[in-house]
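[1] just the structure for this:
(one chain, ligands or ions: 1)
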Amino acid sequence: MSTPAATPYWGPDFNALAAFDPDIAGVVLDELDRLRNGLQLIASENFTSPAVLAALGSTLSNKYAEGYPGRRYYGGCEVVDRAEEIGIARGKELFGADHVNLQPHSGASANLAAYGAFLKPGDTLLGMALPHGGHLTHGTKVSFSGKWFNAVQYGVRPDTEHIDYDQVRDLAREHRPKLIVCGGSAIPRLIDFAAFREIADEVGAILMVDAAHFIGLVAGKAIPSPVPYADVVTFTTHKVLRGPRGGAIVCKAEHAKAIDKAAFPMMQGGPLMHAVAAKAVNLKECLQPEYQAYARQVIANAQALTEGLAAEGLRPVAGGTDTHLALLDLRDTGVTGADAEKRCDAAGIVLNKNAIPFDPQQASIASGIRVGSPAVTTQGMVETDMKSIASLIGTAIRDADGSRTAEVAVGVRELVGAHPAYPEPKRAG
Ligand code: DSN
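    Down below sits the predicted model:
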């Protein structure tokens, strides 16, 4: 049998994988089945296009390209240079940005690079607390951000569950952070970037926006952009944006050198050039007019889903959503987030338990769930489908003994059957 390395190979070839490694081919097919047969409502997930997947599965994966286009530490980079240059140009155009770095392997890596550009160990950063909707890398004690820096945390107001800008200002005045970060993973409402800019300017801090969750909505011109306000914007490329799994950074020209040096060589070695190329493909997709329609529909769907869930007795945190995600307080139903996640999962509805602000439960149980519309919108679902999904979730959550799981699963199959995420794969035999 020929080894994969000896086989002439130029791109994705599922038959080669199936012939050589049926175990992993089976995993790939089963995961495709899982995606096709369930409702994917994880707010941070989406379905990438075949074009993005083709770039990801290409021989660009073979190339070491430490450095930046035209300034590499390896020979033979003249071809992959083109992928990075094209991607950077598209990113600048899409976001109106001075500078783009497509090399971070992930959102956490992008954040580490941004901190590395501006902070030294022990410096103070002000970020949103994870239990209020922030992110691990915004100063949580278990992450490098809370271990290496003096992390001060703000949250939301108890009455409105919107970001408490008075608290942000008070903490900034008291602690004089070198960097303020806004953004997070469970913030349903728009963030007031101008307010953050004003506070950062008052205390002389760098303003970093972690736009991972909502950068796709910015790319689709469906919500305001943080780029004019922030010194640096970090994001992942695989959420609403719909690109490959990975990270990216855009920043003002004056910070370009510091950001590039922090991404490489401070924080990473060789970039993943297949992922960089896939990011470039995705950025081209985002420049198409259809993408703007997609971004608007993502929000319309999230709002319809939230209204439907409210009608099922689930309380929308912060009163609703302006974005792609909603956080629902389940306490009126008497069901925990963990149980709700399990019951939905049993019927093919994939979502996650999530802490709500001031949650009386521990995070592994949680009083809430988080739902998002990016993936189902990619499938072509619209507001009426969201109402059906809300009703299925309501039924699943209240179904303590599992007697209605099969009925909900039928409803799920009907929806995904009408809007397949990907074509049905051909299985051998
Ligand atoms: N884990 C991601 C999310 O689900 O929001 C954030 O990093």
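
[2] return the residues of the stretch 151-300 of the chain in contact with the ligand.
    residue 185 (CB under 6 Å from any ligand atom). In this view, the C-beta of every residue, glycine as well, is placed from N, C-alpha and C.

[3] in the stretch 151-300 of the chain, which spans are strands?
    179-182, 206-210, 232-236, 247-251 (DSSP state E, counting those that start in this stretch).

[4] okay, those in a markdown table with mean neighbour count and mean pLDDT next?
    Formatted as a markdown table, these follow (neighbours: other CB atoms under 10 Å; pLDDT from 0 to 100):
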| stretch | mean neighbour count | mean pLDDT |
| --- | --- | --- |
| strand 179-182 | 27 | 99 |
| strand 206-210 | 26 | 99 |
| strand 232-236 | 29 | 99 |
| strand 247-251 | 28 | 98 |
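
[5] what sits against the residue of the stretch 51-200 of the chain found nearest the ligand?
    Per CB to the nearest ligand atom, residue 185 is where the stretch 51-200 of the chain lies closest to the ligand, at 3.3 Å. If a contact means CB atoms under 8 Å, 6 or more residues apart in numbering, then residue 185 has 43, 44, 133, 134, 135, 212, 213 as its contacts.

[6] before we move on, the earlier item: dump the strands of the stretch 151-300 of the chain to a markdown table, plus distance to residue 37.
    Below are the strands of the stretch 151-300 of the chain laid out as a markdown table (distance: least, CB to CB, whole Å):
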| stretch | distance to residue 37 |
| --- | --- |
| strand 179-182 | 37 |
| strand 206-210 | 33 |
| strand 232-236 | 26 |
| strand 247-251 | 30 |
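
[7] between those, which gets nearest to residue 392?
    Nearest to residue 392, of all the strands of the stretch 151-300 of the chain, is strand 232-236, at 28.3 Å by CB to CB.

[8] from the ligand, how far out is residue 369?
    As judged by CB to the nearest ligand atom, to the nearest Å, residue 369 and the ligand stand 13 Å apart.

[9] show me where the chain dips below the pLDDT cut-off.
    For the chain, the stretches flagged by pLDDT under 70 are 1-11, 428-429.

[10] ok, now with 90
    Residues of the chain meeting the criterion pLDDT under 90: 1-16, 424-429.

[11] what segments of the stretch 301-429 of the chain are strands?
    315-316, 325-329, 349-350, 352-354, 368-372.

[12] please work out which of those is packed deepest.
    strand 368-372 (a mean of 28; mean count of other CB atoms under 10 Å).

[13] angle of it against strand 325-329?
    Between strand 368-372 and strand 325-329, the angle comes out at 160 degrees (axes from the mean of the first three to the mean of the last three CA atoms, to 10 degrees).
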